[in-house]
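Enquirer: Sequence first, then the predicted structure:
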Amino acid sequence: MTFANVNVVCPLPSYPQWLQPRRFDHRQVDLDYTLPDVNVQYVEFPAIPLVTRAVNGKVCARYLLDLIGSLAPDLILNYWLYPQGYAAVEVGTKLGIPTIVGAIGTDLNAIAGPVTRFFTRLTVHRATAVVTKSHHLRLRAIRLGAEPRRVHAVLNGCDTTIFRVSDRFQARSELNISTAEQLIVYVGRLELAKGLLELVEAVATLRRRNRRVHLALVGDGPGHANIGKRAEALGVIEHVRFVHSETAQGVSRWLAAANLLALPSYAEGCPNVVLEAVCCGRPVVATNVGGIPEIVNEQCAVLIPPHDVAALTAALESALNRDWDERTIARQFGRSWEDMARELYGICHSVLPARPAHAQSRSASAKRA
């Protein structure tokens, strides 16, 4: 279902080749990537790590203004608060159109220093509306200065045509995994803040009393080497699979093969992989951070505090030994991407200026014609 005509403008910081960011994970973007039936344009703006942080938002806005003005949008919808969200608000103000900014997690959970915090606060305060991925993030935005009535939590959806209950034995056959294994799967960026060193330690402890336990880490990221070293030091490297990032279909196959999904993150927004695991009928062991407690319950998950290896070990062991009903798990979450889109569209429509009655009449006549 189509709710609106969308033009995608993707602003990207462009750093000098000789001075790339080191304090955060800067990923190169495929500038040739497009979406079916959607106009996608990439705009690069110059930046220098740390040096230009205070002006990145204004520079980004300057590079966006003419392009967005030429598209003549009814509103601007942005995700990621600084510098792109700040730039979106600047452009929207200059063009006289409403701007909705969205927070997806790290941009509120792990704000990079006082400069970014200052401009993030300005962004959520000046935006026409703020959309967050969880109620937890909504409260963070309000604490930063956003008016509560203008902040809306819109939880993610899931593609249930891909993520659904599937045969575990068939998935394991396709992935060459023994049916005797008790397989713990993690899906996501390999970052230490995802609690992956703690996860490896927990698996090592479990294997001392249950040799059937194995771990698969599906994804890529800067923590790969450190995670591998820890697994080797603990003597479990042969029982930890490192799997490169997968397509949605590939992720669904790994979830189908799994006994459970583990996500021991230190912070989260509304992690898609938890929703996907539940739709696949797989239980989740995760930390009780961010929006995770909002999307699972005791029928499908075991939640623990972050940074706690002993609690993680006990939760994994309990979940592996519990007799879960995959159909009951899958029924816990029934929110599709279309449900999310409909809710978001309602928020977008609510911030548009009221149209004169005669304009609405002409529009209705044109539709009837």
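Expert: Okay, I see it.
Enquirer: Quick one: mean pLDDT over stretch 49-60.
Expert: Stretch 49-60 shows a mean pLDDT of 94.
Enquirer: go on, stretch 82-96?
Expert: 97.
Enquirer: okay, that stretch in CSV with CA atoms only?
Expert: This file holds the C-alpha atoms of stretch 82-96, laid out as CSV (Å, rounded to 0.1, in the frame of the first residue of the first chain):
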residue,chain,number,x,y,z
TYR,A,82,22.7,15.1,14.7
PRO,A,83,24.0,16.3,12.4
GLN,A,84,21.4,15.2,9.8
GLY,A,85,18.4,15.9,12.0
TYR,A,86,19.6,19.3,13.0
ALA,A,87,20.2,20.0,9.2
ALA,A,88,16.7,18.9,8.4
VAL,A,89,15.1,21.2,10.9
GLU,A,90,17.3,24.1,9.6
VAL,A,91,16.1,23.4,6.0
GLY,A,92,12.5,23.0,7.1
THR,A,93,12.6,26.3,8.9
LYS,A,94,14.0,28.1,5.9
LEU,A,95,11.6,26.6,3.5
GLY,A,96,8.6,27.1,5.9
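Enquirer: And that stretch, what's buried?
Expert: 82, 83, 84, 85, 86, 87, 88, 89, 90, 91, 92, 95 (16 or more other C-beta atoms under 10 Å). Bear in mind the C-beta positions are built from the backbone N, C-alpha and C, glycine included.
Enquirer: Tell me the secondary structure at the second one.
Expert: Following DSSP: H, G, I helix; E, B strand; the rest coil, residue 83 is assigned to helix.
Enquirer: quick one on the thing from earlier: now tabulate the buried residues of stretch 82-96 in a markdown table and tack on distance to residue 281.
Expert: Listed next are those as a markdown table, based on distance: C-beta to C-beta, whole Å:
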| residue | distance to residue 281 |
| --- | --- |
| 82 | 39 |
| 83 | 41 |
| 84 | 37 |
| 85 | 37 |
| 86 | 42 |
| 87 | 42 |
| 88 | 39 |
| 89 | 42 |
| 90 | 46 |
| 91 | 44 |
| 92 | 43 |
| 95 | 47 |
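Enquirer: tell me which of those residues is nearest to residue 223?
Expert: Relative to residue 223, the closest of those is residue 82; by C-beta to C-beta it sits at 24.3 Å.
Enquirer: The closest one against residue 116, yeah?
Expert: Yes: contact criterion C-beta atoms under 8 Å: residue 82 and residue 116 qualify, at 5.3 Å.
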